[in-house]
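A.B. asks: Pasting a predicted model and its sequence here:
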Amino acid sequence: MSLGPYASFVVTSYVLATAVVLVLIAWIAIDYRRQKARLRELEASGITRRSGRGATEI
Amino acid sequence: MTLIDLANPTKFLTLTARVLPWLAALTAILLLVGLYQSAMAPDDYQQGSTVKIMFVHVPNAWLSMFVWGVMSLAALGTLVWRHPLADVAAKAAAPIGAAFTFLALVTGSLWGRPMWGTYWEWDARLTSVLILFLMYLGLIALWRAVEDPSRAARAAAILTLVGALNLPIIKFSVDWWNTLHQPASVMRMGGSALDRAFLIPLLVMAVAFSLLFVTLHLAAMRNEILRRRVRSLQMMQASQRSA
Amino acid sequence: MRLSGRGVRCVRGGREVFSGLDFEASAGEALAVIGPNGSGKTSLLRLIAGLLAAAGGSIGLEGGEGELTLPEQAHYLGHRDALKPALSVVENLAFWRDFLGGEAFPIAESLAAVGLDHAAQLPAAFLSAGQRRRLSIARLLTARRPIWLLDEPTNALDTAGQAMFAALMADHLAGGGLIIAATHTPLGIAARELRIGGAS
Amino acid sequence: MRLSGRGVRCVRGGREVFSGLDFEASAGEALAVIGPNGSGKTSLLRLIAGLLAAAGGSIGLEGGEGELTLPEQAHYLGHRDALKPALSVVENLAFWRDFLGGEAFPIAESLAAVGLDHAAQLPAAFLSAGQRRRLSIARLLTARRPIWLLDEPTNALDTAGQAMFAALMADHLAGGGLIIAATHTPLGIAARELRIGGAS
Amino acid sequence: MTALTALIRRDIRIALRVGGGALIGVLFFLTVVVLMPFAVGPDLALLTRLGPAILWLGALLASLLTLDRLFMADHEDGSLDLIVMSRTPLELTCAAKALAHWLAAGLPLIVATPVLGLLLNLDATATSAVALTLLAGTPALTFTGMIGAALAVTLHRGGLLLAVLVLPLSIPVLIFGVSASQAAITGPLSFGTPFSILCALSLVSLVIGPFAAAASLRHGLD
Amino acid sequence: MTALTALIRRDIRIALRVGGGALIGVLFFLTVVVLMPFAVGPDLALLTRLGPAILWLGALLASLLTLDRLFMADHEDGSLDLIVMSRTPLELTCAAKALAHWLAAGLPLIVATPVLGLLLNLDATATSAVALTLLAGTPALTFTGMIGAALAVTLHRGGLLLAVLVLPLSIPVLIFGVSASQAAITGPLSFGTPFSILCALSLVSLVIGPFAAAASLRHGLD
Ligand code: HEM
Ligand SMILES: Nc1ncnc2c1ncn2[C@@H]1O[C@H](COP(=O)(O)OP(=O)(O)OP(=O)(O)O)[C@@H](O)[C@H]1O
Ligand SMILES: Nc1ncnc2c1ncn2[C@@H]1O[C@H](COP(=O)(O)OP(=O)(O)OP(=O)(O)O)[C@@H](O)[C@H]1O
Ligand SMILES: [Mg+2]
Ligand SMILES: [Mg+2]
């Protein structure tokens, strides 16, 4: 597959798109970890929800 | 499990926990297929290989508007039904929408350079998308600036609905003003004007990106629900200490 | 006319202030809301005035004027006195009379009733704390409303002013009005007590 | 330490408020300024605090700390509470401690003394009227000043709060402080009265 | 009706006594115009060509400058509570407040346009075209800006956040205002099309603005 | 010293929280810059020529939008009384407040200039020239503006006096700022002369501003 004179533009677009999507995914994953960790801390400090379930339980 | 059940945050968490892995897998497969197909697509006789930019540009452009549409629906949910899950949906969608809009802008510019000889031109389509991007940023700033989430939600909802007026402007800007940007060729009255060789990869990519949005959005909503749980537990902790 | 609340719950800034609150008051009756600082007296008044949304329960009015909602039949007298410093005393009052609409009483008489007639032409910026409070009270007299929601109304009033205001409240009740007042000090009229929060 | 005024005259907005006013207070003594609304209690406190210029007479301090002027040794607690809604309770208090300088007392202790320790991390915007007043009082404790100028300090405080504040004032006097307070209600401590204007 | 006229009269009276509104707007407007010759150099033809754009920018920025206090003052002194509780529909009240603001801060700009047109070397037709487009378009600026002002009040946030939220909404107004004036001055495009779009924008914002502002006040007070 | 740093820290913190953070400042300038092409048309050469003026106008607007609240907020909540009574000399306090305001409202613009320069098609030298003039000139805007803000507080006249006083004072700053940047970009005039005048203006206002503001606060409170 030859991309001709404008290869750099095509490649840059694809690379950028991939990068942004990866950043999004990473951000969401990290955020998930962080919230879970905080919930676990809270649970460890003995806080329970109004429903009586533990903090990390769904 | 009915729609009403889904509206309960806890049920929402259980259901999405089950659905998300499948969605993610399906998205990955479709993305790979789309990428393969766009790599295999022939060069355009006018645009050469740059036509391949279309397969990322157009889905992102569509999604940038679609996500605002989703947020507008959520805004109605916030204002009319005062439903907390609607707040969550709106808040989680904003950064994802901003990312898609950013990609539409950047890939558009990268396509514009070889096609029009310039990265940026102040014409109606390009500018209205830039405004969309600014409004996404404004919304994100608003969400971050306001401590109380339900208060922020109501303000953001109103702003989202007002900003939805920009969507028809983006969509029809190419028809209303003569701009550099080409008019709608895929989704238009009287069938598509695009060759099948381009149409099929484009549609596959479009579906793949839409699934990507759904997956990311559901995951981000889960995070947001957890964040609120953390917040309310911290509040309880504070008041327990005082008691 | 009967104003009542059932199981009212109030959440502010994500924290529950009170819940399961029941109360009621009929025409000619005064209800004194008492409780320690931060127990939710002001919040309750704002809920009734429609300035806050209740997180649960219901507040209703029976036998009010036909199509008007509860807030539209109520006066709210809060800590902030809704006066514009740039306007004179008379201008301030005249604006609220025209804007609030409904049955209107002569401004000069209301000012005389609160002891501000000598200051009628002064800009509101020149008033002392107690004089500002008196001017707010004059608003209650000029535009008549059956329901008065008062938040610590006697704050800043001198002893004579407190007696004057007690007489005005008694008049209002005698005319079939209804008063709900949050307060830390005695109101000077017979009132049922509604206690919220822990012991005062 | 002795604070005294001789023949003080006050003019506001071109109108004379009072004239020929004499007063004095020494360390360990409280002076309660009483008088009807608009008689000039607030104006007198602001004159002493240096926030208004007297139109006649003189106000002086004998035996204060070396080079400091009278306002620099005084706390002024007015109707407006000098709190920033965007900052938390602790941040508000820490700012005034740092800005006012001088001898500083631990924030946590002052907050506990006024019963606000549970709200330390809340934004000040979330406080009720009485809680705001308590926070202002905590400022008096955190940055120590010998002279307290208080304008209706018990406004908005609940009964427990008034007792708490009376105890704090008694402590301050016992420590050699001096209090001048404008008020319409009893302060809860022994105080000499200074009457201005007509009969209350 | 008396309620609304009372409100408009009060707001205008306060604006005139306290100042602010009208004069700061006009002065800012003047500053923008005075600055331009320094920016583009002494090229009179260019200045003339940019004239409408400069005047429109000035008007937009000037309205931004005064709008953020539209509801804030009433909120701070407690008037807003009483306004929300009153028997007048909140949408009408919001519209009346915006109208008062426009009369006090927008109209002076339009009145000042002829003077500034002189400074920018615009001829009589050009000046009147700009004034006409401003007359048709500035209400849209005020009424969209009102949305931001209402949001700012309920969020307890002022200044720049407000500007950021409002500015994107006013971009279309600016575009059509300038292109209508340009068309009137230089042709060859017709004046009618952009001008009628401008009027349409104003009409739309006349409806949307009060509703959105009232909604955000109703949902946001506490 | 701790008193002054405490004040600066508090003011910046409030500005960031209420205004929505430094991001908002940058976003504001971005929007102002994005407005320009709509107004003057998509002519890149022209935009480049107008670039410095646009950035300077943005700076002026951002400072005006926030400056009139410099003392007003402290006055309304009673903080100003305590500030006047405190042991720190009022001149220093005023200077500290102005500095905090500049850090929160002026500095973000300067930091964002390179990005905005790209949008306005300015090259690296031009961008750095504009950033340099902004760095030298915006303190003058803040410190002269402070005088107006202090007068506005003591006279209970919000915008009016501020506008009448501040804008005429800031026009020279604007003019020399823009012409210095222009000189650096297009020549043939020298950059040095207007730039040193700009610096002189800033220095003078750094001295005059705090004294005038402190004097008006001291004599004006009631
Ligand atoms: C920064 C620059 C650009 C932006 C912001 C932009 C934005 C958009 C948007 C929002 C759409 C969706 C429109 C719709 O659904 O009707 C779109 C579609 C499209 N764009 Fe762009 N675009 C840019 C540059 C370009 C360039 C340079 C080209 C090619 C020369 C291009 C070609 C297309 C095509 C072919 C479509 C699909 C149209 C259709 O079938 O509906 N775009 N663009
Ligand atoms: N800012 C002002 N400008 C002009 N005159 C004023 C101003 N503030 C108060 N006055 C006038 O000065 C007089 C005294 O006011 P002051 O606030 O000292 O009274 P006060 O004794 O504290 O009353 P209150 O018991 O109501 O607090 C009043 O008649 C008032 O009208
Ligand atoms: N704007 C607000 N946002 C969030 N929380 C608030 C707000 N205002 C008050 N609160 C909280 O709600 C509770 C009740 O406040 P409210 O003002 O109703 O008390 P109150 O009974 O009137 O007290 P006070 O006697 O001091 O006037 C308090 O704990 C306070 O912290
Ligand atoms: Mg209260
Ligand atoms: Mg007083």
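C.D. replies: The structure has been received and is ready for your questions. Numbering: from 1, shown residues only, chains lettered A, B, ... in the order given. Ligands and ions are numbered 1, 2, ... in the order given.
A.B. asks: just the angle between the least confident helix or strand in chain E by mean pLDDT and helix F:22-40, please?
C.D. replies: Every helix and strand of chain E was ranked by mean pLDDT, DSSP states H and E. The lowest is helix E:21-40, at a mean of 72. If you take axes from the mean of the first three to the mean of the last three Cα atoms, to 10 degrees, helix E:21-40 sits at 70 degrees to helix F:22-40.
A.B. asks: what's helix E:21-40 packed up against?
C.D. replies: Secondary-structure packing of helix E:21-40 (3 or more Cβ pairs under 8 Å, 6 or more residues apart in numbering or on different chains; DSSP states H and E): helix E:2-18, helix E:44-67, helix E:107-119, helix F:44-67, helix F:159-186. C-beta coordinates here come from the backbone N, C-alpha and C atoms, glycine included.
A.B. asks: so what's whatever residue of chain C ends up closest to ligand 5 up against?
C.D. replies: Residue of chain C nearest ligand 5, by Cβ to the ion: C:Ala129 (4.2 Å). If a contact means Cβ atoms under 8 Å, 6 or more residues apart in numbering or on different chains, then C:Ala129 has C:Ala156, D:Asn37, D:Thr42, D:His79, D:Glu152 as its contacts.
A.B. asks: try 6 Å this time
C.D. replies: C:Ala156, D:His79 (Cβ atoms under 6 Å, 6 or more residues apart in numbering or on different chains).
A.B. asks: Could you name the helices and strands sitting against the longest helix seen in chain E?
C.D. replies: Longest helix in chain E by number of residues (criterion: DSSP state H): helix E:124-155. Applying 3 or more Cβ pairs under 6 Å, 6 or more residues apart in numbering or on different chains; DSSP states H and E, we find helix E:124-155 packed against helix B:149-163, helix E:44-67, helix E:90-101, helix E:107-119, helix E:159-186, helix E:192-220.
A.B. asks: can you pull the buried residues of it?
C.D. replies: E:126-134, E:136-155 (16 or more other Cβ atoms under 10 Å in any protein chain shown).
A.B. asks: ok, back up a step: so which of the helices and strands packed on helix E:21-40 gets nearest chain B?
C.D. replies: Closest approach to chain B among these is made by helix F:44-67 (8.5 Å; Cβ to the nearest Cβ).
A.B. asks: Pull out the buried positions in the helix or strand just after that closest one.
C.D. replies: Remark: after helix F:44-67, the chain's next helix or strand is helix F:72-76, criterion DSSP states H and E. By 16+ other Cβ under 10 Å, the buried positions in helix F:72-76 come out as F:Met72, F:Ala73, F:Asp74, F:His75.
A.B. asks: so C:Leu194, which of the three states?
C.D. replies: Using DSSP: H, G, I helix; E, B strand; the rest coil, the structure places C:Leu194 in strand.
A.B. asks: C:Asp22 is in contact with that one, correct?
C.D. replies: No - the pair C:Leu194 / C:Asp22 is not scored as a contact, 9.1 Å apart, by Cβ atoms under 6 Å.
A.B. asks: So between these two, which is more surrounded?
C.D. replies: C:Leu194 (20 against 11; other Cβ atoms under 10 Å in any protein chain shown).
A.B. asks: rewinding a little: pick out whichever of the buried residues of helix F:72-76 sits closest to ligand 3.
C.D. replies: F:Ala73 (17.9 Å; Cβ to the nearest ligand atom).
A.B. asks: so how many other residues sit close to E:Gly220?
C.D. replies: By other Cβ under 10 Å, neighbour count at E:Gly220 equals 18.
A.B. asks: which SS state does C:Leu31 fall under?
C.D. replies: strand.
A.B. asks: So what sits opposite it in the bridge?
C.D. replies: C:Ile180, C:Arg192 (DSSP bridges).
A.B. asks: Now for it, how many residues are close by?
C.D. replies: 18.
A.B. asks: what's the answer for the one 10 residues further on, then?
C.D. replies: By the other Cβ under 10 Å criterion, the neighbourhood of C:Lys41 contains 30 residues.
A.B. asks: looking at it, it is touching C:Val33, isn't it?
C.D. replies: Yes - judged on Cβ under 6 Å, C:Lys41 makes contact with C:Val33 at a distance of 4.7 Å.
A.B. asks: Any chance you could list residues touching both of the two?
C.D. replies: C:Ala182.
A.B. asks: Quickly find the element holding residue 11.
C.D. replies: Just going to use chain A. helix A:7-44.
A.B. asks: That was the other one, I meant chain C.
C.D. replies: Here C:Val11 is assigned to strand C:2-12, by DSSP H and E.
A.B. asks: what helices or strands is that strand leaning on?
C.D. replies: strand C:15-26, strand C:56-62.
A.B. asks: who's in contact with the helix or strand that comes right after the shortest one?
C.D. replies: It refers to strand C:56-62. Along the chain past strand C:56-62, the next helix or strand (assigned with DSSP H and E) turns out to be strand C:74-77. Residues from elsewhere that reach strand C:74-77 (Cβ under 6 Å, 6+ apart): C:Ala49, C:Ser136, C:Leu140, C:Arg145, C:Ile147, C:Trp148, C:Leu149, C:Leu150, C:Pro153, E:Asp81.
A.B. asks: wait, what's in contact with the first one?
C.D. replies: Meaning C:Ala49. Each residue near C:Ala49 by Cβ under 6 Å, 6+ apart is listed here: C:Pro71, C:Ala74, C:Tyr76, C:Leu149, E:Met85.
A.B. asks: Distance to B:Leu85 and pLDDT for the residues you listed - can I get that in CSV?
C.D. replies: Below are these laid out as CSV (distance: Cβ to Cβ, whole Å; pLDDT from 0 to 100):
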residue, distance to B:Leu85, pLDDT
C:Pro71, 30, 92
C:Ala74, 34, 94
C:Tyr76, 33, 96
C:Leu149, 34, 96
E:Met85, 31, 93
